[in-house]
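Colleague: fold the following and give me the result.
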Amino acid sequence: MATDETRLPGEFLATLAAGAEPGSAAARMAAEQARGVADGQQGGPLLAALLAKPYRDSAPAWLLEAAVANGLRQSESEYEYLAGSTSLVVLALIHPDCDPVLRADALRRCSDRLLGSLGTADRPADLCAAVADELRRRVPKPPHMAPELLKEPTPAQVVLRAERLHDAVFEAAVSLLPDDLDHTQLDGEDSDAWSKRIRKAFDAWGHMWSAVLERHPDRHPQLIAMTTGTSASRVVRDQLLGGVPWTVEPALLRQLALDDLSRFDAAMLTVRICAFLQDGSSKEQARQRFATELAALDETERRDIEFLYLRDGFEARWGTSSAVSWVRHAADGRWRLILNPTEAKPAHGDPHTWRSQPDELADLGRHFAETAVQALRTWKPKDLYGISTASDLRWVRDMLVHLPELTPAVEATVRLVIRDARRGRSGPQSYDYKSQEDRRQFDELLDAITRIVADPAPQPPATRRTALGNPEDVTVRNLSAVTAEVLDAYLDRHAGDDALVEKALLSVAWHGHRSDPPFASVLARHSDPQHAVRTLTRDLRLRLGGNPTNRETWAREVLALPDCPDEIVLALPSWTALKARGHRYNSTHPRVIALVEAALGDDRQAWQRFADSPIGNTGPSAWLRLGDILTAAADGTAWPKPPGSR
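Modeller: Below is the predicted model:
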């Protein structure tokens, strides 16, 4: 064996071994030196070089054992690049001289993470089969799902974090994932605590499957097939639909969505059965009356209806809201992202990129909306306090946004929903954060719904998400907050409404930095553009108000108009007009200069009075009109009072 004095540098040895031929003196020398450094950090590259070429076809047991030991040790270090240590272990385990006992022992010593990296699709089939066997040894049977398994995952969960797994490893890991919930009621656990524990476990189950589905988007159909007929089937489908829908292939997403909507039939049948019972019929009569439709349902749906509504001890009134409950839960959960694709985004960063095109998602939204209309027909006002949670309104908003056309019947019922929601909004409130956040969303949804049904003009679906409501009620601030496309579409739908055009003109000034749509193009929509600008400028404090930026923007737009009459320029606020920029950065606008010179002429006293005028940039004096100040300065009369405010 080489001593410390005769040992060669590790880098040189690795290079020497990589170029050595099998059986050569160089290969033997590198192997002899490797015995001394096999346990060190430099041993990894040398051992890998030896197994890659000179000992590729035949290797002594000590070399394979050293490679495994070195690779496993390096993989345990969080500072070591995992791929290098993994490749060394792989070279040893796929070697033709690797003993099955050594391979099995090595896999037992692997961490769960390393085990997953050894079972990828680019590994030999026999190694992947051994990885699958080791995984089955570690997880003899799937455990029940519990929230703790998200923080302390099972080996199967960890292995599935690796991408591009070999089929054998992937199938073994999926079959060993936590399965179903433990519904056993613990000693001393009351029904509320049991229900809370089950809900937490079910939510954790969804999170677990969401992570698996997002990591393996190319295996979605396989995962559906593998879980069909199991307790995980519904969870997988719901997570594909509502957990990670942006990762799902468009045709599959459409199939999942339409299959989900087909389940709504059971909710509608429940409503009809309960209405039949409320009219005085017996449960046996209901079974006979709806026998054909009950038989058409799948076993689970039929069993639920039989258990909940067609046996003694259960009241029919509990099922009359089943259709509304179905669409409410769908819009609040598994359909939420499809109906609102921009909400699909991580906690920090840009929204996810969808595999489905916007028109494909819009078509699914239309299908949901048409289903929701059926539920709307069964809607009834809530109890004494009215509806009061965001989920009570979200499905209504989504229905209105995605319907191709809003019929009078739909609008009439939605107005009843609005009335019920206003009743609920005035009821008792909680002040914890969760309740306050729900109230905020509730208010936003109610305002959006109100604006949609308040607009008397027909609205295409694309415009309803940013609906502005009735032009009589819309404010300048509302118009300033929307995009140019939304504003143009709104003005198009309400062509001929001069009052709305005037609000839109003022919104350009309120926005401050809007260049689109151009002020002149909005003004051209008015039946009397010059009269509009004259009136608005004279009443600017009353109609616009706000900070100096609002006045400056208005003055800039007015002065940019071709052939703007002097009387309109003179109606501008004095300070703002005098500060309006000319052709150069620090110059006054030439129109303003010309009007000041024409009013004051060569009268030095008039110029002095003008310099001493009470105009300013803030407060009431900021609104003193240029024409009024020039007249007072020229005539020597009392300074005018500022125009009235709002």
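Colleague: least confident secondary structure element in the protein?
Modeller: Sorted by mean pLDDT, DSSP states H and E, the helices and strands of the chain end with helix 10-19, the least confident at a mean of 50.
Colleague: outside of the one helix or strand residue 306 maps to, which residues touch it?
Modeller: Residue 306 is part of helix 299-309, with elements assigned from DSSP states H and E. With Cβ atoms under 8 Å, 6 or more residues apart in numbering as the test, helix 299-309 has contacts from 263, 266, 269-270, 273-274, 277, 283, 294-295, 297, 314, 316, 318-319. Yep, even glycine has a C-beta here, placed from its N, CA and C like the rest.
Colleague: please produce a PyMOL select command covering the buried subset of these.
Modeller: Filtering the contacts of helix 299-309 down to the buried ones (16 or more other Cβ atoms under 10 Å) takes a single PyMOL command:
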select buried, resi 266+269+270+273+274+277+283+294+297+316+319
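Colleague: where is pLDDT lowest across the contacts of helix 299-309?
Modeller: Note: of the contacts of helix 299-309, the lowest pLDDT belongs to residue 314, at 68.
Colleague: the strands in the stretch 251-400 of the chain, which residues?
Modeller: In the stretch 251-400 of the chain, no strands are defined using DSSP state E, counting those that start in this stretch.
Colleague: distance between stretch 470-483 and the chain's centre?
Modeller: Centroid separation for stretch 470-483 versus its chain: 26 Å, with Cα atoms, centre = their mean, to the nearest Å.
Colleague: hang on, the earlier thing: just the contacts of helix 299-309: which are in helices?
Modeller: 266, 269-270, 273-274, 277, 283, 294-295 (DSSP state H).
Colleague: redo these as JSON lines? Include distance to residue 157.
Modeller: Formatted as JSON lines, those follow (distance: Cβ to Cβ, whole Å):
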{"residue": "266", "distance to residue 157": "33"}
{"residue": "269", "distance to residue 157": "39"}
{"residue": "270", "distance to residue 157": "37"}
{"residue": "273", "distance to residue 157": "42"}
{"residue": "274", "distance to residue 157": "42"}
{"residue": "277", "distance to residue 157": "46"}
{"residue": "283", "distance to residue 157": "46"}
{"residue": "294", "distance to residue 157": "40"}
{"residue": "295", "distance to residue 157": "41"}
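Colleague: still on that earlier bit, from the contacts of helix 299-309, pick the one nearest residue 399.
Modeller: Distances from residue 399 to these, taken as Cβ to Cβ, are shortest for residue 263 (17.6 Å).
Colleague: how about that closest one, what does it touch?
Modeller: 301, 326.
Colleague: please report the distance of it from residue 269.
Modeller: Distance, residue 263 to residue 269, using Cβ to Cβ, to the nearest Å: 11 Å.
Colleague: and the helix holding residue 306 with helix 264-278, angle?
Modeller: 20 degrees (axes from the mean of the first three to the mean of the last three Cα atoms, to 10 degrees).
Colleague: name the residues of helix 299-309 that come out as buried.
Modeller: 301-302, 305, 309.
Colleague: could you dump those into JSON lines and include distance to residue 630 and pLDDT?
Modeller: Below are the buried residues of helix 299-309 laid out as JSON lines (distance: Cβ to Cβ, whole Å; pLDDT from 0 to 100):
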{"residue": "301", "distance to residue 630": "81", "pLDDT": "83"}
{"residue": "302", "distance to residue 630": "86", "pLDDT": "83"}
{"residue": "305", "distance to residue 630": "83", "pLDDT": "80"}
{"residue": "309", "distance to residue 630": "82", "pLDDT": "72"}
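Colleague: dump those to TSV, plus distance to residue 160.
Modeller: Converted to TSV, the buried residues of helix 299-309 look like this (distance: Cβ to Cβ, whole Å):
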residue	distance to residue 160
301	31
302	35
305	37
309	40
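Colleague: what's the mean pLDDT across stretch 192-209?
Modeller: The average of the pLDDT scores along stretch 192-209 is 93.
Colleague: that one: how far from the chain's middle?
Modeller: For stretch 192-209, the distance to the chain centre is 23 Å (Cα atoms, centre = their mean).
Colleague: sweet, I'm off.
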